[in-house]
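Asks: Please work out how this folds:
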Amino acid sequence: MNPRLSHTARWLALGCAVAAATAACGLTSTSTSNSGGTASGGSIAKKYHLSGANFTVGSKEFTEEKILSYITADALQAAGAKVSTQVLTGSQTVRTALTSNRVDMYWEYDGTAWLDYMKHTLPIQSPEPAQFNATASADLAQNHIKWLAPASFSDAYGVAVRSGAPGAMGSISTLSDMASFVKAHPSQATFCGASEFLNRPDGLPALEKAYGFTIPASDIKTVDLSIDYTAVAKGSPCNFAEIFTTDGRIKTLNLKVLTDSKYAFGSYVPALTVRDPVYSKYSAQLSGIFAAIAPKLTTDGIINLNKQVDVDGMTPQDVAHAWMKSNGFIG
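Replies: Now for the predicted structure:
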């Protein structure tokens, strides 16, 4: 299992914990149908025409995926297509829906495909686009799945410290800095993480190996992901914690995400994955539309979109629609 599958437990826990959140806490698939034309005007309608096309857009069940699926639906509808959306539980479920023609497209993360669908043991620990290109090439050749333009963010494992931490801790900005701090101040190297992260090979063991340090077992606190962020924000019981790099609580709790310059955790860059027969029929339109959208999906931007749903209580559909309008893609 990899971080994108861990997302299921993470987002469901958050959605159930925050009363205003609208993400489902259940484990059943849901679907909605939308006719073409609900999103119109803007730059997409001026450049691309998909009148007569019908698409089913899939989504995993956590907030970020829902937002991306509604962005996709709005984009396709703006070009004149008719679109239905399906929310499915778990990476394997939505992937199977794609390969069995139940859905035509959905947003997937390169690290998930590389580890889960292509059965590699570890992610490619080098700068992007190495892993993305390798994943996209292999998936097309082996499974007839086309990856469109990648978003400008990676929703991967990360480590955070509270902003404004005292003393030397306050100057830490990278995982290399953290390694030096741990060696110099072992008594302050308290770390919170979920059991999976603390034990899986691409979690804490990968971090310690890449940066050449070890956190004493007595300073490691196993906590539930639902309280991980608040624990490090308070500095109790830990000064450092496992996080996911696009979680909305990063901004809400004023956390500092440490730069992973050695790519210990690999990459989890999302892109719209499309069944090749569908892509081949509409290649110019799909490539053009999502080549425009994907670069606008930045780390700060997706953190804010996730926050609007999981903290502020907006719906993923409304958040996606407002983002599309603010970027001029729809009118």
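Asks: Domain map for this protein?
Replies: As given by automatic domain parsing, the domain ranges for the chain are 3-155+270-326, 157-257.
Asks: can you tell me the distance between the two ends of the last one?
Replies: Criterion C-alpha to C-alpha, to the nearest Å; first-to-last residue distance in domain 157-257 is 10 Å.
Asks: How far off centre is that domain?
Replies: In this view, domain 157-257 has its centroid 19 Å away from the chain centroid, taken as C-alpha atoms, centre = their mean, to the nearest Å.
Asks: swap in stretch 301-313?
Replies: The answer for stretch 301-313 is 13 Å, by C-alpha atoms, centre = their mean.
Asks: Correct me if wrong, but residue 97 is in a helix.
Replies: Yes - checked against DSSP: H, G, I helix; E, B strand; the rest coil, residue 97 lies within a helix.
Asks: Burial check on it, number of neighbours?
Replies: A count of nearby residues for residue 97, using other C-beta atoms under 10 Å, gives 18. Bear in mind the C-beta positions are built from the backbone N, C-alpha and C, glycine included.
Asks: Report the contact partners of it.
Replies: Counting by C-beta atoms under 8 Å, 6 or more residues apart in numbering, residue 97 touches 58, 86, 88, 103, 106.
Asks: Closest one to residue 237 out of the residues you listed, please.
Replies: residue 88 (36.4 Å; C-beta to C-beta).
Asks: Contacts only, for that closest one.
Replies: Counted by C-beta under 8 Å, 6+ apart, residue 88 has contacts 29, 58, 59, 60, 61, 94, 97, 103.
Asks: So which of those residues sit within strands?
Replies: 58, 59 (DSSP state E).
Asks: Tell me the one of the contacts of residue 88 nearest residue 259?
Replies: For the contacts of residue 88, the residue nearest residue 259 by C-beta to C-beta is residue 60; the value is 27.1 Å.
Asks: what about the closest one, neighbour count?
Replies: Neighbour count of residue 60, defined by other C-beta under 10 Å: 28.
Asks: Could you export stretch 57-72 as PDB, CA atoms only?
Replies: Listed next in PDB are the C-alpha coordinates belonging to stretch 57-72 (Å, rounded to 0.1, in the frame of the first residue of the first chain):
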ATOM      1  CA  VAL A  57     -15.400  10.700 -15.100                       C
ATOM      2  CA  GLY A  58     -14.300   8.600 -12.100                       C
ATOM      3  CA  SER A  59     -13.000   9.700  -8.800                       C
ATOM      4  CA  LYS A  60     -11.600   8.200  -5.600                       C
ATOM      5  CA  GLU A  61     -13.500   9.100  -2.500                       C
ATOM      6  CA  PHE A  62     -11.300  11.700  -0.800                       C
ATOM      7  CA  THR A  63     -11.600  15.500  -1.100                       C
ATOM      8  CA  GLU A  64      -8.700  16.200  -3.500                       C
ATOM      9  CA  GLU A  65      -9.900  13.600  -6.000                       C
ATOM     10  CA  LYS A  66     -13.400  14.900  -5.900                       C
ATOM     11  CA  ILE A  67     -12.300  18.400  -6.600                       C
ATOM     12  CA  LEU A  68     -10.200  17.200  -9.600                       C
ATOM     13  CA  SER A  69     -13.100  15.200 -11.000                       C
ATOM     14  CA  TYR A  70     -15.400  18.200 -10.800                       C
ATOM     15  CA  ILE A  71     -12.800  20.400 -12.500                       C
ATOM     16  CA  THR A  72     -12.700  17.800 -15.200                       C
END
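Asks: Any stretches of the chain with poor pLDDT?
Replies: The model of the chain has pLDDT under 70 over residues 1-38.
Asks: Name the secondary structure element that contains residue 160.
Replies: strand 157-162 (DSSP states H and E).
Asks: buried sites along the next helix or strand after that strand?
Replies: Tracing the chain past strand 157-162, the next element assigned as helix or strand by DSSP H and E is helix 175-184. Within helix 175-184, the residues that count as buried by 16 or more other C-beta atoms under 10 Å are 175, 176, 177, 178, 179, 180, 181, 182.
Asks: Pull up the distance across stretch 184-204, start to finish.
Replies: For stretch 184-204, the first-to-last residue distance is 19 Å (C-alpha to C-alpha).
Asks: Give the pairing partners of the helix or strand residue 84 falls within; include direction for each.
Replies: Assessed by DSSP H and E, residue 84 sits inside strand 82-87. According to DSSP bridges, strand 82-87 has the following sheet partners: strand 30-34 (antiparallel), strand 54-59 (parallel).
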